[in-house]
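1. I'll drop the sequence and a predicted model, then ask my questions.
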There are 4 protein chains.
Amino acid sequence: MTIEAAAAAGPAPRIRLGMVGGGEGAFIGAVHRIAARLDDQYTLVAGALSSTAEKSLRSGAALGLERVYADYRTMADAEAARDDGIEAVVIVTPNDQHAPVAEAFLEAGMHVICDKPVTTTLADARRLEALARKQGRLFAVTHNYTGYPMVRQARRMVADDALGTIRVVQVEYAQDWLAGPLESTGQKQAEWRTDPKRSGLGGCIGDIGTHAYNLADYVTGLEVSALCAELSTFVAGRRLDDNVQVMLRYAKGARGLLWASQVAPGNENALRLRVYGSEGGLSWQQEHPNQLQWSPLGQPTQTIARGTAAAHADAARVTRIPSGHPEGYLEGFATIYAEVAQAIRAARDTSGSSALNPAVNFPTIADGIKCMAFIEAAVQSSAEGGRWVGLV
Amino acid sequence: MTIEAAAAAGPAPRIRLGMVGGGEGAFIGAVHRIAARLDDQYTLVAGALSSTAEKSLRSGAALGLERVYADYRTMADAEAARDDGIEAVVIVTPNDQHAPVAEAFLEAGMHVICDKPVTTTLADARRLEALARKQGRLFAVTHNYTGYPMVRQARRMVADDALGTIRVVQVEYAQDWLAGPLESTGQKQAEWRTDPKRSGLGGCIGDIGTHAYNLADYVTGLEVSALCAELSTFVAGRRLDDNVQVMLRYAKGARGLLWASQVAPGNENALRLRVYGSEGGLSWQQEHPNQLQWSPLGQPTQTIARGTAAAHADAARVTRIPSGHPEGYLEGFATIYAEVAQAIRAARDTSGSSALNPAVNFPTIADGIKCMAFIEAAVQSSAEGGRWVGLV
Amino acid sequence: MTIEAAAAAGPAPRIRLGMVGGGEGAFIGAVHRIAARLDDQYTLVAGALSSTAEKSLRSGAALGLERVYADYRTMADAEAARDDGIEAVVIVTPNDQHAPVAEAFLEAGMHVICDKPVTTTLADARRLEALARKQGRLFAVTHNYTGYPMVRQARRMVADDALGTIRVVQVEYAQDWLAGPLESTGQKQAEWRTDPKRSGLGGCIGDIGTHAYNLADYVTGLEVSALCAELSTFVAGRRLDDNVQVMLRYAKGARGLLWASQVAPGNENALRLRVYGSEGGLSWQQEHPNQLQWSPLGQPTQTIARGTAAAHADAARVTRIPSGHPEGYLEGFATIYAEVAQAIRAARDTSGSSALNPAVNFPTIADGIKCMAFIEAAVQSSAEGGRWVGLV
Amino acid sequence: MTIEAAAAAGPAPRIRLGMVGGGEGAFIGAVHRIAARLDDQYTLVAGALSSTAEKSLRSGAALGLERVYADYRTMADAEAARDDGIEAVVIVTPNDQHAPVAEAFLEAGMHVICDKPVTTTLADARRLEALARKQGRLFAVTHNYTGYPMVRQARRMVADDALGTIRVVQVEYAQDWLAGPLESTGQKQAEWRTDPKRSGLGGCIGDIGTHAYNLADYVTGLEVSALCAELSTFVAGRRLDDNVQVMLRYAKGARGLLWASQVAPGNENALRLRVYGSEGGLSWQQEHPNQLQWSPLGQPTQTIARGTAAAHADAARVTRIPSGHPEGYLEGFATIYAEVAQAIRAARDTSGSSALNPAVNFPTIADGIKCMAFIEAAVQSSAEGGRWVGLV
């Protein structure tokens, strides 16, 4: 980040942030904290970090938080009552808690930054959107992969019609950490992710399938009209899907394949998107995110690198350091936080009236709704033997 | 190839070979001729190289063939009548000619080496199999990618249960040469491949989808029980599919995705196979064929290279030169020819009675039948809106 | 970073940090600020950010610093006089200012974190080391590439003798940003880096050659006994070298080649290290830092990935997020800051007496001295026509 | 190869070829035989394949050669006396036999195709050149890597000034097969290659260092004026070098580094060339030979693939099959044979008077001489402690 960029934000007071979830044994809480800190736009001042009061207090003390609460409802009420109460809350609980927590803080007048999938049902997601709209509050969903500069580059190139008419979308997200029955060993991350009560209808599809779906949507802007899905559970005793195959029909005639798996040995977080149009193709992979492969039809494939002259302003704007010095997951995540901060500051100035401006670059509850519709349609399709199901 | 290996075959008389198709303007004919020559097992002595007598004679003269015929029927009769007539024929015509030509030469008592897809209908393929069986002649189909040493390695590792129970198969074959309406420009390869009369029911699915299907079949040995397909035609005016998506259900519970495309800019012959089991995963790509990625679950991914100590005897047996000196497409193709030669020599000794031995490593009419069943099921599935169709 | 790890540091007061240099137009200042912030161990409270008072004050205001000074001497005096004065200073000026600034703050009793090369002469570097020792203060040098987890992995594997006797070291650092006369265009970074008055004796060799040299030293622990160097200047009018080739003789018989270039089109920050021993070889590249290639002799090459079970505790300790989610340059840089913070906290407790403990993992003035000796020997060797010069 | 291309050569009588060396236990003999056969330009009719009469006769019989000789002198005499005697001889013996065998066959009026290094002394190489000139015979040296299409592409791009003024050349050839004392185990290849009596002055430098040197020379066309070398022997008891580092000064101001090693674990035949000029950079590696990385300064790196529209006619002319279907080592080797065949046919027509035309694309005795000068200078430089030695 250039000093000039920092200057724009620096002296203005940092945004007061609270966190729900993310305490002992969590993984994603620390990621959100680093992401919020990286560009120096937030101060984390309050939290209700665990499902029990005791753990919440212990976790908060460990982090040196100013205000630690036993539960999120107490926190919402107390923070709303303070002049220096939090302006925004981050929700990093298991999925089933997203909706009630978000509701409580929206009602209390705070902006919401929520992990994905945004809820456990499409109906809940729609309700939250209506509430955010009514309250004039921002509702960001951390589909963090959209924060990578080369994803921004890809999106811009599609929007600028560099690829011509989009024909084919291939997106996949493969992991291997659930290739065995990890949830039986007491591993906390595996436990709740394979528990329908806490994760919702989808296992793999909710946890990483939605990331893949969102990434394709974010880059191509194409509407999916119907899908046909096979959800499989390969590990004996597992209660949710661990492998997902989906065929996608897009409204404008393009066709897509989505594969998500948590049982594919050799894959860590192998999120990969390929988009092919009449004039060219793009390929990007999350594990090496600083490069985008661009193949103009009939010409050699080019490697467009983050931070170089070939990168579009949309990518450059979310780039902190020169090319060849890799930015990674945390920087992409931090970009979402920086953009939300900018929107929150704008909302400060305008009393929040334009806070749900659809022109923002970060993912919002609208994206969360799309993902929930995707999960429900895919689960239905699979349950009905792989029938085509429409998405409207 | 070691001198010892050459010795085994060298002094024995070379196999007398004839060719139908592969004349002026053809691509694959030259490939077959190089492949036949590479290991010095064949002598190409006769041919009917084109669909017109004039072109056939001109092409034969250009190649310096001993005996050039105006058409394949004349050739079959004449060669059958000679004491030194050809022992085997290679068929490299457009698809619609495969069946009549093969029939003529089987009837004349010759072994057949035929390009893929083996016929234009499943019924034809079954008929040819019956005829080959009756005549006691070999019928090889040049699914040449099975000749790569690292494909043999992968097949052996699956057979040896290194991967545990197979769960997921991802196979794809992407090209970009038909991203525009090349068939309208007079390009001969594009013309017949997009012409239903010469190609059969399938365009992309027949031309390269079958290669992908065969590769997955060859490596995993898993039987497909049902599929659901979307065949698309993206180039206006094209009469056959140019993009293929298929979901596969395997008899033992595994799930697969197959993608084939001729309209994916940046892809030349991007055939790639990934197989995931309960104990490990494999990844191989045709454009860099000398390496196989092997990921034993919970351990680092290993690069198993052709010609190294880590390669199984099955791979070493079809390797000619040391590791690090790349073998390519022609060598893999030549391996099919070398293995067919070995089978033909064995058939010489045994009057052909064991010639259809299922234990051979090269693809045969049995594989051709599987591919035709695949095409017909996929075309039906797609035509019926993406319904699941069984394969028996 | 796990919550437990954060807990260890969290509630303890953050380290009060000051910065000299890094104001308007600088690149590396922002990097240091993010790195210091990432793990939440420091608070940046004071600065003298530019060479003129006006720019320094403007830059400080832009960053929202509590205490902004017109120049570093005033800052050192004022901070020393405060009860809540800074505990450590970061020096990110052009090279020629490193020594006087460091001296001033060491004299004032602060720890020093200094960019590289640590000084412009070997004599200066030795003097600073003596002063730091006398004052009982820490002196870290930000050879930041040592902070990458897979560099730690490589170092540990060499130390554990996994490679056997080291025979060959190949290290290189290639860039292309100075392929043209950028310094003539007013670009600030290029100006001072090619100005002997501000950079010292070395151009490319000082700017990135030292990084390459330090990386090889850090990983192998081998002492260089002599070198033979060619320093070239390819861009007309440039006053310092822009391409560097060095042959290295190690004390124990190993041999090395070092190449650094700023005129190699297609290279961004292509720092790459390969180490070969009697039992195996390692390869690592900075632009894809989360993977280490490990080739045990006679076995397949393995890809050891950050965050996986195959990573040693030394690598795991400096890892924040799961495998497959890439960490990058800023995280590696932040690791140096986190380790310095740990050492500063330890020095708090022990009145600083053990502060120069050689067992620390981050690079110190001792490494800075090695690099200055390298620069001086290489410049001498090259000036004398590529004569071998001893390093003692 | 297109049918048209084949037509040009096909009906003309094949070139009658003899082979010296390459019998039982040899590796490179089989490579030459396949290479000669691949494009159908030669018939191998005679040989003296081993150093003993018995082995020679056995090897010849195993290959089914028409005429097998007990020794090369008998063969030269006998073939010279026949009307249908060989037109060219291939020499694939250990290095020390190259000169006497070549001499014998040149005296007998045959063209020579010789493996590299062409002799064991520079003086011998010069003598052979004079003899070939006097006899009006071709003398090709199989620096086979020059046959790769993408090497031709690189050479053409340099010649066309796409890179601007060449500044930096980085070339390396790393292997690991001699990391242990393989020559003590009876392995024939290792035995003679590490035996000064049979290999000459150089071990690694002669065997693969010359390939690297030749490749850089072939692509850049730059003359080396001086070098500084370190030849090391890492394996105890070995009598020749197994690791080579050389700094190169080019006549026009460019600088180069050459590294060759046979003790670098994880490297099979890792020959890699990088060339950097004022306007762009090229990178090519032999293990993935179908792609050339081209980095025009300030623009994204492009992957130029064999067989695509981006490939120059010089590359296309030596390409047999479409892009994406990899050609490998044998095809590159065969290209040398095909080009020599073309020159031999031309010499037939012109009584050989223009047979040493310097415009040929394949490497000749002139290249062999350059390599011998390189070996001798490097051995001298290293023996004198790494002194700079001129090459004239």
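-> Perfect, I can see it now.

2. drop to CA atoms for contacts and neighbour counts, all remaining ones
-> Will do.

3. Quick one, grab the pLDDT at whichever residue of the stretch 101-250 of chain A sits closest to chain C.
-> With C-alpha to the nearest C-alpha, the shortest gap between the stretch 101-250 of chain A and chain C falls at A:Gln175, namely 8.7 Å. Listed pLDDT for A:Gln175 reads 98.

4. can you check A:Leu106 too?
-> On the pLDDT scale, A:Leu106 gets 98.

5. just the one 10 residues further on next, same as before
-> pLDDT, A:Lys116: 94.

6. Next, it: secondary structure please.
-> coil (DSSP: H, G, I helix; E, B strand; the rest coil).

7. is it true that it touches A:Asn144?
-> No: between A:Lys116 and A:Asn144 there is no contact under C-alpha atoms under 8 Å: 9.4 Å.

8. In terms of neighbours, single out the busier of the two.
-> Between A:Lys116 and A:Asn144, counting by other C-alpha atoms under 10 Å in any protein chain shown, A:Lys116 is the more crowded of the two (28 against 23).

9. residues contacting the more buried one?
-> Going by C-alpha atoms under 8 Å, 6 or more residues apart in numbering or on different chains, A:Lys116 touches A:Asn95, A:Val141, A:Thr142, A:His143, A:Asp207, A:Gly368.

10. and if we set it to 7 Å?
-> By C-alpha atoms under 7 Å, 6 or more residues apart in numbering or on different chains, the contact set of A:Lys116 is A:Val141, A:Thr142, A:His143.

11. Run through the stretch 251-392 of chain A and note the low-pLDDT ranges.
-> A:350-359 (pLDDT under 70).

12. Dump the contacts of A:Lys116 into TSV; add neighbour count, distance to D:Leu44 and secondary structure as well.
-> Below are those laid out as TSV (neighbours: other C-alpha atoms under 10 Å in any protein chain shown; distance: C-alpha to C-alpha, whole Å; DSSP: H, G, I helix; E, B strand; the rest coil):
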residue	neighbour count	distance to D:Leu44	secondary structure
A:Val141	23	72	strand
A:Thr142	28	69	coil
A:His143	25	66	coil
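
13. nearest to chain D, of those?
-> Distance to chain D across the contacts of A:Lys116 (C-alpha to the nearest C-alpha) is lowest for A:His143, with 28.4 Å.

14. re earlier: would you mind trimming the contacts of A:Lys116 to those in range of chain C?
-> Residues of the contacts of A:Lys116 in contact with chain C (C-alpha under 7 Å from any C-alpha of the partner chain): none.

15. Turn the residues you listed into CSV, including distance to chain B.
-> Listed next are the contacts of A:Lys116 as CSV, based on distance: C-alpha to the nearest C-alpha, whole Å:
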residue, distance to chain B
A:Val141, 30
A:Thr142, 29
A:His143, 26
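
16. Next, count neighbours for A:Ala159.
-> 14.

17. can you check A:Ala53 too?
-> A:Ala53: 16 surrounding residues under other C-alpha under 10 Å.

18. ok, the spatially closest residue to it that is not a sequence neighbour - contacts?
-> Among residues not flanking A:Ala53 along the chain, A:Ala70 sits closest, at 4.1 Å (C-alpha to C-alpha, 6 or more residues apart in numbering or on different chains). A:Ala70 makes contacts with A:Ala48, A:Ala53, A:Ser56, A:Leu57, as judged by C-alpha under 7 Å, 6+ apart.

19. Ramachandran angles for the closest residue to A:Leu44 other than its chain neighbours?
-> The shortest distance from A:Leu44 to any non-neighbouring residue, by C-alpha to C-alpha, 6+ apart, is to A:Leu17 (4.7 Å). Note on A:Leu17: backbone dihedrals following degrees, to the nearest 10 are phi -120, psi 140.

20. What does the pLDDT read for A:Leu17?
-> 98.

21. before we move on, back to that, please verify my assumption that the residue of the stretch 101-250 of chain A closest to chain C contacts A:Val263.
-> Yes: counting by C-alpha atoms under 7 Å, A:Val263 is a contact partner of A:Gln175 at 6.3 Å.

22. Give me the more crowded residue out of these two.
-> Regarding A:Gln175 and A:Val263, a neighbour count based on other C-alpha under 10 Å identifies A:Val263 as having more, with 29 against 23.

23. Make sure that one is actually in contact with A:Leu182.
-> No: A:Val263 lies out of contact with A:Leu182 (C-alpha under 7 Å); the separation is 11.2 Å.

24. Pull up the overlap in contacts between the two.
-> Residues touching both A:Val263 and A:Leu182 (C-alpha under 7 Å, 6+ apart): none.

25. In the stretch 151-300 of chain A, what residue comes closest to chain D?
-> A:Pro300 (5.5 Å).

26. helix/strand/coil for A:Asp77?
-> From three-state DSSP, the assignment for A:Asp77 is helix.

27. one step back: may I have the phi/psi pair for the residue of the stretch 101-250 of chain A closest to chain C?
-> A:Gln175 adopts backbone torsions of phi -130, psi 170, taken as degrees, to the nearest 10.

28. helix/strand/coil for the residue of the stretch 251-392 of chain A found nearest chain D?
-> Nearest to chain D in the stretch 251-392 of chain A, going by C-alpha to the nearest C-alpha, is A:Gln302, at a distance of 4.4 Å. Classification of A:Gln302 by three-state DSSP places it in strand.

29. residues near it, how many?
-> Look at A:Gln302: counted by other C-alpha under 10 Å, it has 23 neighbours.

30. Settle this for me: it is touching A:Gln291, isn't it.
-> No: A:Gln302 is beyond contact range of A:Gln291, at 9.7 Å (criterion: C-alpha under 7 Å).

31. how many neighbours does A:Thr185 have?
-> 9.

32. Can you name the residues that contact the residue of the stretch 101-250 of chain A closest to chain C?
-> A:Ser261, A:Gln262, A:Val263, A:Ala264, A:Asn267, A:Glu268, A:Asn269, A:Ala270.

33. and if you look at A:Phe105?
-> Contacts for A:Phe105 (C-alpha under 7 Å, 6+ apart) come out as A:Ala76.

34. on that earlier part again, where does the residue nearest to A:Ala53 land in three-state SS?
-> Of the three states, A:Ala70 takes coil under three-state DSSP.

35. so how far is chain C from it?
-> Distance, A:Ala70 to chain C, by C-alpha to the nearest C-alpha, to the nearest Å: 18 Å.

36. Same check on A:His98?
-> Per C-alpha to the nearest C-alpha, A:His98 is found 21 Å from chain C.

37. Quick check: closest non-adjacent residue to that residue.
-> Excluding the flanking residues, the one nearest A:His98 by C-alpha to C-alpha, 6+ apart is A:Thr119, at 5.7 Å.

38. give me the number of residues near the one you found?
-> Neighbours of A:Thr119 under the rule other C-alpha under 10 Å: 29.

39. can you check A:Asp83 too?
-> 7.

40. quick one: pLDDT of it?
-> Per the predicted model, pLDDT is 96 at A:Asp83.

41. A strand includes it, no?
-> No: counting by three-state DSSP, A:Asp83 is not found in a strand; it is coil.

42. For it, what are phi and psi?
-> When read as degrees, to the nearest 10, the backbone of A:Asp83 gives phi -70, psi -30.

43. For the residue of the stretch 251-392 of chain A closest to chain D, give me its contacts.
-> Counting by C-alpha under 7 Å, 6+ apart, A:Gln302 touches A:Gln293, A:Trp294, A:Ser295, D:Pro300, D:Thr301, D:Gln302, D:Thr303.
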